[in-house]
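Undergrad: Provided below are the primary sequence and the corresponding predicted coordinates.
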Amino acid sequence: MVPKTDARGITDNRTNADERVRTIEMLHRRYAGIIYDLCVRILMDRQEAEDAVQETYLNAFRFLSSYRYGDSYLPWLYQIATNVCLKLIRTRKRKGTTPTDNIDRMATEQDDPLSAIDTRRILEALVGGLDKRSIEIVVAHYIWGMDQGQIAQTIGISRRAVVKRLSALKRRVDPLFVKELRHG
Amino acid sequence: MAECPSRFTLVQYKSGDLSEVETRALDEHVVGCAACQAKMRQIEANLAQYGPKQEAFSAQLISRLSTEKPSFTLFPKRVFWALSFAGAAVTVVAMLISIYPGKEQTVQQQQTKVRFKGRVVMRAVAQRGTDQFVVEPNAKLFPGDALRFIVTTSSEGYLSIFSIDSRHVIAPFYPDSDPISDPKPMVVKSAGRHELPGSIVLDDAIGAECIVTAFSRKPFDRGAVHERVRRSLWFSQSRVPGPGETKPDVGLSVLWINKSL
Ligand SMILES: [Zn+2]
């Protein structure tokens, strides 16, 4: 069988173990820095973000067959990374450990209002009370600013379902972000 | 693009995952938007932080993978058809996921023969005095305008940017050395979007000029590629070299400009 190569020059090789390892290695080379950026943004801790990147790629390897050939790899990796980060936040909340917050937030907060928000604290407050899917939608909408179409595609639910969930979440989640924005 | 793109879209932009049209629209927006430039700087700072550790983490990951057994269960998400276009060579891949209730899903794939050549998209930003703007195809430019180049590549590889002016004289831009004495192209260490260092100041040769970026996953002889592109421009009336006119594994991105006084 001829390996398939998509428009981004990425070869879909899931037929044998070596090829799967090579695919993950290639995805690491291409996207690890980007995934690190996503993890830092959610976890606000560089050490934890590095661990989360490794865990993301291990999970990507385990679930390589869930990748839909022809789609972009990035939303797929992003989705795995988000869930790795949320799991870390949940675990840490359960253990009662506080984040180290070693991010230099002051340097950028004038330019980007979101960088002044402690997204992590908000997510910690939400993970106990919301289901997994809702939290994924909160991250996609409030942190990444994805539109409804992007959220639907990334999470793999219908647009209508995204709209429904978002309007249900709005009253609960909006104030958390607005309050943080006001007080930094 | 009036509204600022999402942070996620900027990440896709940075990693070179957007289409040429989307990337062009973002180039336009980001050049004139301080907020998006700040977000880009943040993304770039995080990339720079991870960069030096990348190799070590990759090695660590590979050694962990060797002890892993992957799962083959497909997530029951949705049935879809995927079309993929690889440059001039069209790859059509149809993937059918059949769902058997209570059983694992199976994947059947059909495909045509696949050809791939190094894909590259080049854009230029011009600086004239204090003005900065994205160079549109057939843009009217002046001698003295300085061009900065942004290339997005589909993988790591080798690159050469050069121009062919109305007299069919070749000027190497990146690398800027003479390709006869130094045929080696520039090394591109990763896939994605790269802003090339420095800028190229346009000379005073007037008329149509073709700026070409040649990219390949494998090293190539710059002089030979330059010559092939020049010949195809010289002999054909078509303004853009077609597929097959360069070495098959060299991808081209071409930008025509018009220089006047
Ligand atoms: Zn903007």
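TA: All right, it came through fine.

Undergrad: is it fair to say residue B:193 lies in a helix?
TA: No. Residue B:193 is assigned strand when assessed by DSSP: H, G, I helix; E, B strand; the rest coil, not a helix.

Undergrad: Beta-bridge partners for it, please?
TA: When assigned by DSSP bridges, residue B:193 has beta-bridge partners residue B:152.

Undergrad: quick one: contacts for it?
TA: With contact taken as CB atoms under 8 Å, 6 or more residues apart in numbering or on different chains, residue B:193 is in contact with B:13-16, B:23, B:150-152. Placement of C-beta: from N, CA and C, glycine included.

Undergrad: From the residues you listed, which land in strands?
TA: Those of these mapping onto strands are B:150-152, per DSSP state E.

Undergrad: Quick one: buried ones out of the contacts of residue B:193?
TA: In terms of neighbour count (16 or more other CB atoms under 10 Å in any protein chain shown), the buried residues within the contacts of residue B:193 are B:13-16, B:23, B:150-152.

Undergrad: Can you spell out which helices and strands pack onto the helix or strand hosting residue A:84?
TA: Assigned by DSSP states H and E, residue A:84 belongs to helix A:73-95. Under the contact criterion of 3 or more CB pairs under 8 Å, 6 or more residues apart in numbering or on different chains; DSSP states H and E, helix A:73-95 touches helix A:17-43, helix A:46-62, helix A:119-127, helix A:132-138, helix A:148-155, helix B:7-14.

Undergrad: weakest of these by average pLDDT?
TA: Across those, helix A:119-127 has the smallest mean pLDDT, namely a mean of 84.

Undergrad: So which other helices or strands are in contact with it?
TA: Counting contacts by 3+ CB pairs under 8 Å, 6+ apart, helix A:119-127 is packed against helix A:17-43, helix A:73-95, helix A:132-138, helix A:159-183.

Undergrad: So the first one, near chain B or not?
TA: Yes. Using CB under 8 Å from any CB of the partner chain as the criterion, contacts between helix A:17-43 and chain B involve A:17, A:20-21, A:24-25, A:28-34, A:36-38, A:40-41.

Undergrad: ok and that helix relative to helix A:119-127, angle-wise?
TA: 100 degrees (axes from the mean of the first three to the mean of the last three CA atoms, to 10 degrees).

Undergrad: What helices and strands are in contact with helix A:17-43?
TA: strand A:11-12, helix A:46-62, helix A:73-95, helix A:119-127, helix B:7-14, helix B:34-50, helix B:54-65.

Undergrad: sorry, back to before: same list (the buried ones among the contacts of residue B:193) but as TSV, adding distance to residue B:131.
TA: Shown next, in TSV, are the buried ones among the contacts of residue B:193 (distance: CB to CB, whole Å):
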residue	distance to residue B:131
B:13	23
B:14	25
B:15	29
B:16	27
B:23	21
B:150	17
B:151	23
B:152	24
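
Undergrad: Number of residues surrounding residue B:207?
TA: Counted by other CB atoms under 10 Å in any protein chain shown, the residues lying close to residue B:207 total 11.

Undergrad: residue contacts, residue A:90?
TA: residue A:127.

Undergrad: whoops, I mixed them up, residue B:15
TA: By CB under 8 Å, 6+ apart, residue B:15 lies in contact with A:30-31, A:34, A:74, B:191-193.

Undergrad: Recalculate using a threshold of 7 Å.
TA: Going by CB atoms under 7 Å, 6 or more residues apart in numbering or on different chains, residue B:15 touches A:31, A:34, A:74, B:192.

Undergrad: Kindly report the same for residue A:128.
TA: Contacts for residue A:128 (CB under 7 Å, 6+ apart) come out as none.

Undergrad: ok, it to chain B distance?
TA: Distance of residue A:128 to chain B, computed by CB to the nearest CB, to the nearest Å: 26 Å.

Undergrad: quick one, phi/psi of that residue?
TA: Per-residue torsions, residue A:128: phi -70, psi -40 (degrees, to the nearest 10).

Undergrad: Next one: it from the ion, what distance?
TA: Residue A:128 is 35 Å from the ion, where distance means CB to the ion, to the nearest Å.
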